[in-house]
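> 3D model of this:
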Amino acid sequence: MFRSHHEKTVIVDQKIGFFGGIDLCYGRWDDHLYRLTDTGPIDGSLTAADEKEPLDPNGGTTPTSLRSSLPPVKEDAPPEEVELQKRPEHRDTRSSQNISAGRWRMGQPFKAANATDAQDKTQSAGNMSMAALVRAAQNKAAEDKPASTDIMNMAALVRAVQNKAAEERQPITGRPSRPFGRRSISMPAGRSNNVSGPHAIEAKVRFGDDMVAIHPSHKKTADKKDSPKFRRRTKMLQNAIRLTRTTSQRGPEYVPANTSDETDGNATEADLDKMNIKVSGRLWLGKDYCNEVRKAFSTESVEKPDDDQLDRNEVPRMPWHDIGGVMYEHGARDLARHFIQRWNACKVEKNRRDDNYTFLVPKSYDTCDVSPSILKGSHSCRTQVLRSVCSWSAGLQPGKVEDSIHQAYIQCIQSAKHYIYIENQFFITLDGDKRSVVANGIGEALFQRLKRAFMNNETFRVYVVMPMKPGIEGEYGTDAGAAVQAVTHWNYQSICRGGVSLCERLEKLGADPWKYLSFCGMRTYGEIDGKLVSELIYIHSKLMIVDDLYAIIGSANINDRSMLGLRDSEIGVLIKDREFDDSMMNCQPFRSGQFCGRLRRRLMKICLGTWNDRNSDAAVADAISEEFFHGVWNATALRNEQIYEEVFGSLPADFVSDFLKLTDWGKKQHLYQTEASEAKERLKDIKGYLCKLSLDFLKDENLTPAFRTRESYLPSYFWT
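Okay, the predicted model is just below:
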């Protein structure tokens, strides 16, 4: 009871393995822009919301379909680079910081048009829906070539749209380029003999996003893959996907590479209908536009994926922030062996004599070839697959438990020399009280490391980024909000309340906990039909980075369910850098790991809203300096949260210490309701998404489930 398979893995041919915190479910795609609204039309007509210019959370205004800034292809580039740059997954704005030698760069998926984009500005200031684009293209093609309107490839379609729009002086825009919020790493990993042992794997780790999309065509080995029918169907599907995604995300100014293949797979509207692909100007269709804090999914509703769950003209979506990764070769084989072990254990338990479900056997390769395009952007790292499993979840012998994720967290914390950066959905770790139902040792490890820093007068920082409130439907102070309050109770008990929390134990030593600790969340804002709206960004990551040297990425939350091994099954990967950059730490020269250090800096730049500022790398380089920790990170979080409270009356808030104040605060008219123009001016002072976590919220109340609520009948460990 109270356990589940919580890991998130996809393994392909035991050579490619995806892992991390990203669930395969509604609404989880996002990027670093964390849009709150998606009211783009699906019937070809522009709505009132499309014609407005909602506020950009980082200053200025941005059209509903954000302006795309695609770099031109170099005229003198070699043919293979021209082809690579023309592919959709590579048409984005890059920064000047290389990850390694070669063309692949760490960059920003979107930036506003600048002085070099003057020509784009004159042609990309408005908005045209996908349906309108298709109709314009067909009309133009009919004028030019009446006999060829039934079939047109993507390049011809886009050119026709551009010509038609130019004639009518109809401005066109596209949505920003490729996703970023779901960032990933690729790791062509080294050899190992088992999943659970303490082996070290030689690995190639790559930092970026949309890794699978950059593979060039692999050599076809199956006969059916060489057939013209298979090639035509494959290209037709690729073009259909580009037809539905390219215009909505990158704008019709993008023209994909032409193919000279006789089976170039032109996609007609009939082809789209056959493949059940709907043309839309929206990014989140149907149930993908969701906000689980405002309205949870029901069993009946999820069976109708195309139907909206929320009124898009009234309720903003809740953006998601998550971390995922992908390993190649031998590291992926370890993930595959874990899946095979689970599958075979389930086969023995439930379908031993059913031949429709066969036993799986690990593969053995003499070589594990990986695409050169991946290796060019790789980093040499050491990796180890980690798990939380036991007899029920993976078929281990009764009484045996593997909690290697838990042990890796503790060991990395104990060995940390400079800082710990954590992103997690929960922070429930209360090891200071042996009578507590919380048993994982992460909180105790953090306390002991901070105690050592205090005793030795060390400069040491712990960053924790977590949700502003649990992602559960319900309002504080109501019976429907009992589950929200219960999770909040255990988070606060671990951080700052109850007598044995992390902060209280440090204070008993005489230490100032805020000299070492920072707890933050993320928020954003926008407009719906001219009305200001705000929502939290839900942190769903399960990540820890230590000293720009170690990183743990996986599916495990910081609570007992994920860490102890007896309850939820989990998977994760421990990564250690072997290649380094020159950097700074505590104002001293420092060798920063290329993978872990760059990942940490990039995440911090997203939080601070400086992801598209090439000069901001130096500002986030030194993670523990007084200037950055207090003067930049904490100051930005505090200022942003104060503005959100002033403009929107956002909750949680520190001055709302009991339910009576909560009721009074809910009745108050806030600035966005009374003085919209003044509110917009105030919001221009917000930088990025980072906000201080309100740790004094409802501090005078008992947040455990009230008597006779259904949540009160659940044991305490259900919430931990």
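
> for stretch 684-700, which positions count as buried?
Of the residues in stretch 684-700, those buried by neighbour count under the rule 16 or more other CB atoms under 10 Å are Ile686, Lys687, Gly688, Tyr689, Leu690, Cys691, Lys692, Leu693, Ser694, Leu695, Phe697, Leu698. C-beta coordinates here come from the backbone N, C-alpha and C atoms, glycine included.

> What is the most widely separated pair among the residues you listed?
Among those, the pair separated by the greatest distance (CB to CB) is Lys687 and Leu698, at 27.9 Å.

> Flag the shaky bits of the stretch 301-450 of the chain, pLDDT-wise.
Under the criterion pLDDT under 70, the flagged ranges of the stretch 301-450 of the chain are 373-377, 432-435.

> what pLDDT does Arg523 get?
Looking at Arg523, its pLDDT is 97.

> show me what contacts it?
With contacts defined as CB atoms under 8 Å, 6 or more residues apart in numbering, the neighbours of Arg523 are Met468, Ser534, Glu535, Leu536, Ile537, Asn640, Glu641, Tyr644, Ser650, Tyr689, Cys691.

> Just the ones of those residues in helices?
With helices taken from DSSP state H, the overlap with the contacts of Arg523 comprises Asn640, Glu641, Tyr644.

> Return the members of these classed as buried.
Among these, those scoring as buried are Asn640, Glu641, Tyr644 (criterion: 16+ other CB under 10 Å).

> Next, format those as a markdown table and append pLDDT and distance to Ile405.
Output for these, formatted as a markdown table (pLDDT from 0 to 100; distance: CB to CB, whole Å):
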| residue | pLDDT | distance to Ile405 |
| --- | --- | --- |
| Asn640 | 97 | 32 |
| Glu641 | 97 | 32 |
| Tyr644 | 97 | 34 |
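
> With distance to Gln414 added, can I get the residues you listed in JSON lines?
Putting these into JSON lines (distance: CB to CB, whole Å) gives the following:
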{"residue": "Asn640", "distance to Gln414": "33"}
{"residue": "Glu641", "distance to Gln414": "32"}
{"residue": "Tyr644", "distance to Gln414": "36"}
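
> If we only consider the residues you listed, which is nearest to Ile428?
Within those, the smallest distance to Ile428 is 22.6 Å, found for Glu641 (CB to CB).

> what's the spacing between the closest one and Val656?
To Val656, Glu641 is 13 Å away according to CB to CB, to the nearest Å.

> sorry, back to before: so which of the buried ones among the ones in helices among the contacts of Arg523 comes closest to Tyr492?
Glu641 (16.6 Å).

> before we move on, the earlier item: in strands only, show me the contacts of Arg523.
In strands, judged by DSSP state E, the following of the contacts of Arg523 are found: Ser534, Glu535, Leu536, Cys691.

> ok, and the closest non-adjacent residue to the last one?
With sequence-adjacent residues excluded and distances taken as CB to CB, 6 or more residues apart in numbering, Cys691 is closest to Glu641, at 4.2 Å.

> wait, what's in contact with the one you found?
Taking CB under 8 Å, 6+ apart, we find Glu641 in contact with Arg523, Ser650, Cys691, Lys692, Ser694.

> The last one and Ala653 touch, don't they?
Put plainly, it is Ser694. Yes - the pair Ser694 / Ala653 is scored as a contact, 5.4 Å apart, by CB atoms under 8 Å.

> Residue ranges in the protein under the pLDDT threshold?
By pLDDT under 70, the low-scoring segments of the chain are 1, 40-227, 229-280, 373-377, 432-435.

> Make sure Leu386 is actually in contact with Ala551.
No - contact status for Leu386 versus Ala551: not in contact, 11.8 Å apart, counting by CB under 8 Å.
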